[in-house]
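Q: Following is a predicted model, sequence given first.
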Amino acid sequence: MCIFKTKSFSRLADKEGITDPELMAAADEVNRGIYEADLERIDIFISMI
């Protein structure tokens, strides 16, 4: 699996103190279907785009 970060996401992750290994672990969990999501918050974000 290839994982890419945009420059803006990379800056946000750095600001929040999220490391690359943490992001890789999270991407692996999503890939395996082991994750939780706050869909209400996502709906708000999508509607703002």
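A: The structure has been received and is ready for your questions. Residues are numbered from 1 along each chain as shown.
Q: Every contact and neighbour count from this point should use C-alpha atoms.
A: Will do.
Q: mind listing the helices for this structure?
A: Counting by DSSP state H, the chain has helices at residues 7-16, 20-32, 39-48.
Q: Just the angle for the first one relative to helix 20-32, thanks.
A: It refers to helix 7-16. 120 degrees (axes from the mean of the first three to the mean of the last three Cα atoms, to 10 degrees).
Q: now helix 7-16: how far from the chain's centre is it?
A: 10 Å (Cα atoms, centre = their mean, to the nearest Å).
Q: Would you mind pulling up the elements that it packs against?
A: The criterion is 3 or more Cα pairs under 8 Å, 6 or more residues apart in numbering; DSSP states H and E, and there are no helices or strands that helix 7-16 contacts.
Q: What residues of it count as buried?
A: Of all the residues in helix 7-16, not one is buried under the rule 16 or more other Cα atoms under 10 Å.
Q: Contacts only, for residue 26.
A: For residue 26, the contact set (Cα atoms under 8 Å, 6 or more residues apart in numbering) is empty.
Q: Show me the shaky parts of this protein.
A: Scanning the chain for pLDDT under 70 picks out 38-49.
Q: mind running it again at 90?
A: 1-5, 9, 26-49 (pLDDT under 90).
Q: ok, and the closest non-adjacent residue to residue 27?
A: Closest residue to residue 27 apart from its sequence neighbours, by Cα to Cα, 6 or more residues apart in numbering: residue 3 at 7.7 Å.
Q: how far is stretch 18-34 from where the chain is centred?
A: 8 Å.
Q: How about stretch 28-40?
A: 10 Å.
Q: That concludes my questions; thank you for your assistance.
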